[in-house]
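In: Mind folding the following:
(one chain, ligands or ions: 2)
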Amino acid sequence: MPAVSSPQYDLGRYQQTGVLGAGTFGVVVRAVDPDSLADCPAEVAIKLLPRGELLKNFKTYVTREILHQSCLEHPFIVSIKEVFLTRTHLAIAMEYAQGGDLFRYVLRHKAARLAESQARWIFQQLVIGLDFCHRSGVANRDLKLENMLLDRDGQDGTRPLLKICDFGYSKHEMNSSAKTGVGTPIYMAPEIIYGGNRYDAKAADLWSVGVILFAMLIGRYPFSQRESNVARNIVSATYSLPDDVQVSAPCRDLLARLLVANPSERMSMEEIKVHSWFLEDLPEGALAMNDWYLQSRPVYDQYQGMVEAMVEAAQLPGVPGEPLLSVELECAAH
Ligand code: ATP
Ligand code: MG
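Out: Ligands and ions are numbered 1, 2, ... in the order given. Below is the predicted model:
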């Protein structure tokens, strides 16, 4: 049988080495940057969004994804290296996370769940990464196991570093407050399920954080789509912990305070950061790192016009032979 080869894309100066995954309307490939400097990793992940009509319909989301993610320079967030146009695609070159996503990581463990100490290590990074997003004014609105990548697969016993990816549904507080019901249903907060009203996107992210913690510990979702009354269970925050899984009292307390239907009674980021379960084994200085990253982050306004112009240009199909347009998004801190 002939070997099945993956489709090859025009990636400008990058050389494609594989296909990593397919998203809602694009594909993510693995590639090498032959011009990368000696101290920079040569491997990248490139998200390819087809130019033309389709992009026109999603331009708000694509603009936000590029703009927000490129302004969030942080160890626990996938960084954007470069954005460019090819004749056929808008290409977003990102830091490559070689450990796969958190969903597959959890599945690889016995009974498809993590021990409490392993779950805490991931949870601490998620909280610190998200605290940085929120303090930068950005809510993610699509936090889920599949959108958490890892720098290594951990099969050698080392603990992976978390990289939050996919800011396609993110929202900056500088713009209007959130109203659109975006996200993935089983991770969606009750106030989004109700629909129609403005909601606090940061509080809704913390609900998803509770769903992620539950799923890592228990190996299933707190609100399963298999149950016919899933929407009712979400809006009343009705979930149960199975008897056969040991979960410590502080961890149960944390879950019970995150999965609270009323967003104004739900645990806040500040409360998570002083909770005893979160603080256990937290590396020294971990909480203070965000103060440093916040000081040196790139300025949002600096990129806005440039990203908008590029997404605008990407809506027209590329003229054959058009030279590659490439814009390096340089961090103001470097
Ligand atoms: P979806 O709508 O399914 O969430 P999407 O279009 O928003 O997809 P992403 O979630 O950003 O796309 O990426 C799709 C998949 O590609 C991810 O689940 C992951 O497996 C892979 N991927 C994305 N970015 C990277 C990266 N930086 N490093 C490694 N793999 C990646
Ligand atoms: Mg995704």
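In: What sits closest to D153 if chain neighbours are left out?
Out: If you skip the residues right next to it in sequence, D153 has G99 as its closest partner in space, 4.5 Å away by Cβ to Cβ, 6 or more residues apart in numbering. For the C-beta atoms, the positions are set from N, CA and C on the backbone; glycine is no exception.
In: How about I234?
Out: Beyond its immediate neighbours in the sequence, the residue positioned closest to I234 (Cβ to Cβ, 6+ apart) is F223, lying 4.9 Å away.
In: how about the helices in the stretch 151-300 of the chain?
Out: Listed in chain order, the helices of the stretch 151-300 of the chain (DSSP state H, counting those that start in this stretch) span 190-194, 201-218, 230-235, 249-258, 269-272, 276-279, 289-295, 300-314.
In: The last one: how far from the chain's middle?
Out: Its chain's C-alpha centre lies 21 Å from the corresponding centre of helix 300-314 when counted by Cα atoms, centre = their mean, to the nearest Å.
In: again with the fifth one
Out: How far helix 269-272 lies from its chain's middle: 20 Å, per Cα atoms, centre = their mean.
In: Return the list of helices and strands in contact with that helix.
Out: Of the remaining helices and strands, those touching helix 269-272 by 3 or more Cβ pairs under 8 Å, 6 or more residues apart in numbering; DSSP states H and E are helix 116-135, helix 201-218, helix 249-258.
In: State the mean pLDDT of the last one.
Out: Here helix 249-258 scores 98 as its mean pLDDT.
In: Name the residues of that helix that are buried.
Out: When neighbours are counted by 16 or more other Cβ atoms under 10 Å, the buried residues of helix 249-258 are found to be 251, 254-255, 257-258.
In: Report the separation between the residue of the stretch 101-250 of the chain found nearest ligand 1 and I80.
Out: Nearest to ligand 1, among the residues of the stretch 101-250 of the chain, is D166, at 3.8 Å (Cβ to the nearest ligand atom). Relative to I80, D166 is positioned 12 Å away (criterion: Cβ to Cβ, to the nearest Å).
In: Also P34?
Out: 19 Å.
In: go on, R13?
Out: Taking Cβ to Cβ as the measure, R13 and I80 are separated by 17 Å.
In: Show me what from the chain comes close to ligand 1.
Out: When proximity is defined by Cβ under 6 Å from any ligand atom, the chain lies next to ligand 1 at 20-21, 23-24, 26, 28, 45, 47, 78, 94-97, 101, 146-147, 149, 165-166, 168.
In: rewinding a little: between P34 and I80, which has more neighbouring residues?
Out: Regarding P34 and I80, a neighbour count based on other Cβ atoms under 10 Å identifies I80 as having more, with 25 against 9.
In: Got the confidence number for the closest residue to the more buried one other than its chain neighbours?
Out: Once its chain neighbours are removed from consideration, I80 has its nearest residue in S70; the separation is 4.3 Å (Cβ to Cβ, 6+ apart). pLDDT, S70: 90.
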